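Enquirer: Quick one: sequence plus predicted model below, questions after.
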Amino acid sequence: MFYAAYSDKENEVIRQGIGAIRAYFANANEQEKKDLLFCLDRFLDPWFGYDLPYAEEIWRFLEEIVISDEILDVKEDALALICNYGTVSAILTEHLDRVPEELLFDVKTCIAEMRGVLYMGFDLNDLDKYFVKAELIPAIAVDVNTKQVLMLAYMNKESLRKTLETGYTWYWSRSRQELWNKGATSGHLQKVVSIFADCDNDTLLVNVEQTGNACHTGHYSCFFTQIYGEPDVNGGE
């Protein structure tokens, strides 16, 4: 895994400029590369404003490393980088199209754990494509641990934005005509792990960590009334 302590040697390389960083990385052994990446991640973490152009150069260098075939072809290396480095997580979130299909689910899950909520390609400034057909989009909440469908609710653009920004589900109440932070009153919160849009961008699947019961009736899932099939076919309560 890509853990390392601060290193005076690597920090000295960083102080010498981007050329020194590239030269050092090209000739470094595996552990030295890990130490350097750790220091670069820490350097960018507060996004030091006193030398922003240099910080941008380091970002571009890390971007080259993160999306390189050398990293993405090795599952363990890719996941280790994402799970341990906030900067790497942020970079790869912008380049999910470069991730091999067989790694995509694990990579998205790892980013979710790193950032608390997974943006999954959502652009907070461009949510319009999910509301082309209507002002509301159905959102199906699924317990990420039990895989059971918990509830169906609706989101408008503002509630989707708040869900992505806060990491907890926000819906639009059609009956009350207001935003609704699920569990804010009852304590039965839904922490977002990941969000998927369907093939037509008109339905969302929201994987959550459910606290308590999801249904206002006191049931774990809103889908507790079976109308067809063998008992417990779909994992009923």
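Expert: Yes, it's here. Numbers count the residues shown, from 1 in each chain.

Enquirer: all helices of the protein, in order?
Expert: Assigned helices in the chain, in chain order: 8-16, 18-27, 30-44, 52-66, 69-72, 75-84, 86-93, 101-115, 157-166 (criterion: DSSP state H).

Enquirer: The third one packs against which elements?
Expert: Judged by 3 or more C-beta pairs under 8 Å, 6 or more residues apart in numbering; DSSP states H and E, the packing partners of helix 30-44 are helix 8-16, helix 18-27, helix 52-66, helix 86-93. C-betas here are computed from N, CA, C, even on glycine.

Enquirer: List of residues touching the first one?
Expert: It refers to helix 8-16. Here helix 8-16 makes contact (C-beta atoms under 8 Å, 6 or more residues apart in numbering) with A20, I21, Y24, E32, D35, L36, F38, C39, L40, F43, I58.

Enquirer: now these as CSV including neighbour count, pLDDT and distance to L179?
Expert: Below are the contacts of helix 8-16 laid out as CSV (neighbours: other C-beta atoms under 10 Å; pLDDT from 0 to 100; distance: C-beta to C-beta, whole Å):
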residue, neighbour count, pLDDT, distance to L179
A20, 13, 88, 51
I21, 21, 88, 46
Y24, 18, 88, 50
E32, 17, 82, 50
D35, 22, 78, 46
L36, 22, 80, 45
F38, 19, 75, 40
C39, 22, 78, 42
L40, 25, 78, 40
F43, 21, 70, 39
I58, 20, 80, 39
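
Enquirer: Using CSV, lay out those residues together with distance to E230.
Expert: Listed next are the contacts of helix 8-16 as CSV, based on distance: C-beta to C-beta, whole Å:
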residue, distance to E230
A20, 67
I21, 62
Y24, 64
E32, 60
D35, 57
L36, 58
F38, 54
C39, 58
L40, 56
F43, 59
I58, 59
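
Enquirer: out of the residues you listed, who's nearest L127?
Expert: I58 (30.6 Å; C-beta to C-beta).

Enquirer: list the contacts for that closest one?
Expert: Contacts of I58 by C-beta under 8 Å, 6+ apart are I14, I18, I21, L40, F43, L44.

Enquirer: neighbours around D198, how many?
Expert: Close neighbours of D198, defined as other C-beta atoms under 10 Å, add up to 12.

Enquirer: So what does it look like in phi/psi?
Expert: phi -80, psi -180 (degrees, to the nearest 10).

Enquirer: Look up how far L152 lies from it.
Expert: 13 Å (C-beta to C-beta, to the nearest Å).

Enquirer: on that earlier part again, among the helices and strands packed on helix 30-44, which gets the worst mean confidence?
Expert: Among the helices and strands packed on helix 30-44, helix 86-93 carries the lowest mean pLDDT, at a mean of 67.

Enquirer: Now do the end-to-end distance for stretch 169-179.
Expert: Chord length of stretch 169-179, first to last residue, is 11 Å (C-alpha to C-alpha, to the nearest Å).

Enquirer: what is the rounded mean pLDDT of it?
Expert: 94.

Enquirer: what's in contact with that stretch?
Expert: 136, 139, 141, 153-156, 158-160, 162-163, 180-183, 189-190, 192, 206, 208.
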